[in-house]
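> A predicted structure for the sequence below; I have some questions about it.
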Amino acid sequence: MDSQTSPPSQASPSPHTFQVDLRGLVDLLSHHLYSSPRVYLRELLQNAVDAITARRAEQPGAPATVRLYAAGGALRVEDSGVGLTEADVHDLLATIGRSSKRADAIQEARSEFLGQFGIGLLACFVVAERIRVVSRSARTPDAAPVEWTASDDGSYTVRTLAPEARPEPGTTVHLTARAGAGEWLAPEKVRALARDFGALLPYDVRVDGEAVTELPAPWDRSYPSPAARRVALARHCHDLFGFTPLDSVGLDVPLAGIRGVAYVLPSAVSPAQRATHRVHLKGMLLTERAEQLLPDWAFFVRCVLDTDSLRPTASREALYEDETLAAVREALGERIRSWLTGLAAGDPERLAAFLSVHHLGVKALARHDAEMLRTMLPWLPFETTDGQVSLEEFARRHPVVHFTRTVEEYRQVAPIASAQGIGVVNGGYTYDSDLVQALPSVRPGTVVAELDAETVTAHLDAVDPAEELALAGFLAVARATLDPLGCDVVLRAFHPLTVPALHLDDRAARHEQARADAEAQADDLWAGILGSLRGTAPRARLVLNHLNPLIRRISSLRGPELIGTATESLYGQALLMAQRPLRPADSALLNRSFIGLLEWATNGEEGH
């Protein structure tokens, strides 16, 4: 008979409560969540403002004041908010993870509050060793005031007080500085922090009797004229960011609950440099380092704004990346785009001043925005063989808009192309080649072509066949000299006469040369692999100018060694003129040809 073994009886698990190490939590807050102890004051202001908001939701005419008093390593913060009962204190202040404001009735109005996370007064332990809270509820006027006192070792006490201890509803928070943190509770520090965090708060906030709030915000005030507005905003920018802006751009986006201003930087900055902005959430400063607020192309402005729609991260020192932030970013980008098109239509002088500094940012925008490119065509500067001109003007002058993809290619061909009547745009700078290629899409009928070595050579005048045949011996030696360097020699006649030789190549030729150099230095295995990648790209060319007197004298030389030395010298000089980076073989050639010419000059041609 089969037997079955009964499972051993198990006792029901006993419930346990997590034990919270308050010292460890404070260390976590100060070293990992918050960037600086300064946020303690923001948390105090936030608690006070939210308590007032909660009371006014039920009593619209209730007072709305926050008073801070700092002295001798201690700070007192009084608010006229909703206050707490003894039950609230036990349920809220003494429980990690709940806000001191989150009674059920308050929770219903959560969207009106600044705080979204239950850190609350814990942040104050970053600078304080003792916190004492005295509060009286506005909902139950007959309830006695209650006192909650906590130490940074995790202990706390609660007791009720006589009515006269807190005659009016609201809350008073007392902080006693911990060792080494007294500076954060000093009057001047508290005043500076309160002004920084709370300047745009909707209630009356004062530090030692001095007003902190400055409403309405500078961008919401009325001014007698647009010029007066610009002056006032420029002063605000200088006080806030430390620079006087070129201009200011209003950032009013009502649907997103955003009001603010963008200040245009007075000097150029790198597009790779992350722009940082000041963001206030319902009046409270959230961060001074918001990075994702604007599109990447708008790196030429610094913003300050107030919002009630964006979500903060847990530390309330950054913005949460979500669909709302993406929509706001697009809307703010549209405001800046509209400002640019408005300048183009009505204030060309200010636009020209802006573009002289920040043309790169506008090019970045125009690269992806055909309408912006069309609007900015008459204004955006480009380096061309006609000087610094716009693409619109350049296209009117030249039936074909030639461009190079690199600065090096432009430097090679610009003097020669200009002398031959070929118009060339330097597309080697950031975004320029993309914009030139997009030109036909916004200017129908425009012909755009990339300028390569073949095109330049084709525009140079051929030498009379009889004269070239007479120089066949010289050309053969010159070609043999440069063949190991992957360079051909061509004889042409071109202007200006002062240029003896021109080095021409293109990207395909450079790639093939780089492959050949790598093959020469590789072991047998890699040499075989690289050899299989050998292409049919045209080689670089050294174009000798038959009209140049020096070339005429060199071409009359008879000694092969001297012809080779002269050819190497011309090759090296052409590379230097094009400002091309020199390979080790090129540097060795320059040294060799220089020494060879010195020996020839010293000993004479007969010595060779």
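That came in fine, so what should we check first?
> okay, CA-based contacts and neighbour counts for the rest of this
OK.
> ok, how many other residues are close to the residue nearest to Leu557 when sequence neighbours are not counted?
Among residues not flanking Leu557 along the chain, Ile563 sits closest, at 6.4 Å (CA to CA, 6 or more residues apart in numbering). Around Ile563 there are 20 other residues, counting by other CA atoms under 10 Å.
> show me what contacts Ile563?
Phe474, Val477, Ala478, Ile554, Ser555, Leu557 (CA atoms under 8 Å, 6 or more residues apart in numbering).
> name the helix or strand for the closest residue to Arg443 other than its chain neighbours, please.
In this structure, Arg443 finds its nearest non-sequential neighbour in Arg374, 7.8 Å apart by CA to CA, 6+ apart. Per DSSP states H and E, Arg374 falls inside helix 370-376.
> what of Asn591?
Element membership for Asn591 (DSSP H and E) is helix 584-603.
> my guess is His368 is in a strand, correct?
No: if the criterion is DSSP: H, G, I helix; E, B strand; the rest coil, then His368 is coil and not within a strand.
> next one, pLDDT for it please.
His368 is assigned a pLDDT of 84 by the prediction.
> what's the spacing between it and Asp434?
From His368 across to Asp434, the span is 10 Å (CA to CA, to the nearest Å).
> of those two, which one has the most company?
Here His368 and Asp434 are set side by side on neighbour count (other CA under 10 Å), and the busier one is Asp434, at 18 against 13.
> next up, the contacts around the more buried one.
Asp434 neighbours (CA under 8 Å, 6+ apart): Arg367, Gly427.
> pick the one among the contacts of Ile563 closest to Pro169.
The shortest gap between Pro169 and any of the contacts of Ile563 belongs to Ala478, at 98.5 Å (CA to CA).
> for that closest one, what are its contacts?
When the contact criterion is CA under 8 Å, 6+ apart, the partners of Ala478 are Val489, Ile563, Gly564, Thr567.
> which residues does whichever helix or strand comes after the helix holding Arg374 contact?
As assigned by DSSP H and E, the chain's next helix or strand after helix 370-376 is strand 381-384. Strand 381-384 is touched from outside by His359, Gln388, Val389, Ser390, Leu391, Gly423, Val424, Val425, Asn426, Asp432, with contacts defined as CA under 8 Å, 6+ apart.
> Leu485: which of those residues is nearest?
Of the contacts of strand 381-384, the one sitting nearest to Leu485 (CA to CA) turns out to be Asn426, at 27.0 Å.
> could you pull out the helices for the stretch 1-150 of the chain?
With helices called from DSSP state H, counting those that start in this stretch, the stretch 1-150 of the chain shows them at 22-28, 39-58, 86-88, 104-107.
> by mean pLDDT, show me the worst of those helices.
Ranked by mean pLDDT, the helices of the stretch 1-150 of the chain bottom out at helix 104-107, with a mean of 43.
> helices and strands around the strand or helix carrying His359, which ones?
Per DSSP H and E: His359 is located in helix 348-366. Secondary-structure packing of helix 348-366 (3 or more CA pairs under 8 Å, 6 or more residues apart in numbering; DSSP states H and E): helix 323-346, helix 370-376, helix 432-437.
> list of residues touching it?
Helix 348-366 is contacted by residues 246, 266-268, 271, 297-300, 340, 343-344, 372-373, 376, 379-381, 430-432, 435 when judged by CA under 8 Å, 6+ apart.
> cool, stretch 207-216 as well?
So stretch 207-216 is contacted by 67-70, 190-191, 194-195, 198-206 (CA under 8 Å, 6+ apart).
> mind listing what the residue nearest the centre of the chain touches?
For the chain, the residue nearest the mean C-alpha position is Arg274 (2.4 Å; CA atoms, centre = their mean). By CA under 8 Å, 6+ apart, the residues touching Arg274 are Glu291, Phe299.
> just say helix, strand or coil for it.
With three-state DSSP as the basis, Arg274 sits in coil.
> and the gap between it and Glu330?
Taken as CA to CA, the span from Arg274 to Glu330 is 17 Å.
> one more: Ala262?
Separation of Ala262 from Glu330 (CA to CA): 14 Å.
> the more surrounded of those two?
Neighbour count, other CA under 10 Å: between Ala262 and Glu330, Ala262 has more, with 23 against 14.
> host element of Leu201?
Assigned by DSSP H and E, Leu201 belongs to no helix or strand.
> what do you get for Gly260?
strand 258-264.
> tell me which strands and helices that strand is in contact with?
When contacts are defined as 3+ CA pairs under 8 Å, 6+ apart, strand 258-264 packs onto strand 248-250, strand 301-307.
> now do the first one: everything it contacts.
By CA under 8 Å, 6+ apart, the surrounding residues in contact with strand 248-250 are 219, 230, 233-234, 259-264, 335-336, 339.
> off-centre distance for that strand?
19 Å (CA atoms, centre = their mean, to the nearest Å).
> partners of Thr172 in the sheet?
Per DSSP bridges, the residues bridged to Thr172 are Glu78, Val134.
> my guess is it meets Val134, correct?
Yes: Thr172 is within contact range of Val134, at 5.2 Å (criterion: CA atoms under 8 Å).
> widest-spaced pair of the contacts of strand 381-384?
Pairwise over those, using CA to CA, the maximum falls at His359 and Gly423, 21.8 Å.
> Leu590: neighbour count?
Leu590 has 20 neighbouring residues, counting by other CA under 10 Å.
> ok, it to Ala540 distance?
Leu590 sits 17 Å away from Ala540, going by CA to CA.
> repeat for Trp339
47 Å.
> which of these two has more neighbours?
Ala540 (22 against 16).
> rewinding a little: single out the most deeply packed of the helices and strands packed on helix 348-366.
Comparing these by mean neighbour count (mean count of other CA atoms under 10 Å), helix 432-437 comes out on top with a mean of 20.
> okay, now Arg411: neighbour count?
Neighbours of Arg411 (other CA under 10 Å): 16.
> same question, Gly73
Number of residues near Gly73 (other CA under 10 Å) recorded here: 18.
> these two touch, right, it and Lys189?
No: assessed by CA under 8 Å, Gly73 is found out of contact with Lys189, at 11.3 Å.
> mutual contacts of these two, please.
Common neighbours of Gly73 and Lys189 are listed as Glu183 (criterion: CA under 8 Å, 6+ apart).
> which strand or helix spans the residue nearest to Thr567 when sequence neighbours are not counted?
Spatial nearest neighbour of Thr567, excluding adjacent residues (CA to CA, 6+ apart): Ala478 at 5.8 Å. Ala478 is part of helix 472-482 when elements are defined by DSSP H and E.
> just the CA trace of that helix, in PDB.
The C-alpha trace of helix 472-482 is given here as PDB (Å, rounded to 0.1, in the frame of the first residue of the first chain):
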ATOM      1  CA  ALA A 472      57.700  65.200 -72.300                       C
ATOM      2  CA  GLY A 473      61.000  64.300 -70.700                       C
ATOM      3  CA  PHE A 474      60.600  66.700 -67.800                       C
ATOM      4  CA  LEU A 475      57.000  65.400 -67.200                       C
ATOM      5  CA  ALA A 476      58.100  61.800 -67.300                       C
ATOM      6  CA  VAL A 477      60.700  62.400 -64.500                       C
ATOM      7  CA  ALA A 478      58.200  64.500 -62.500                       C
ATOM      8  CA  ARG A 479      55.500  61.700 -62.700                       C
ATOM      9  CA  ALA A 480      58.000  59.000 -61.800                       C
ATOM     10  CA  THR A 481      59.100  61.100 -58.800                       C
ATOM     11  CA  LEU A 482      55.500  61.500 -57.400                       C
END
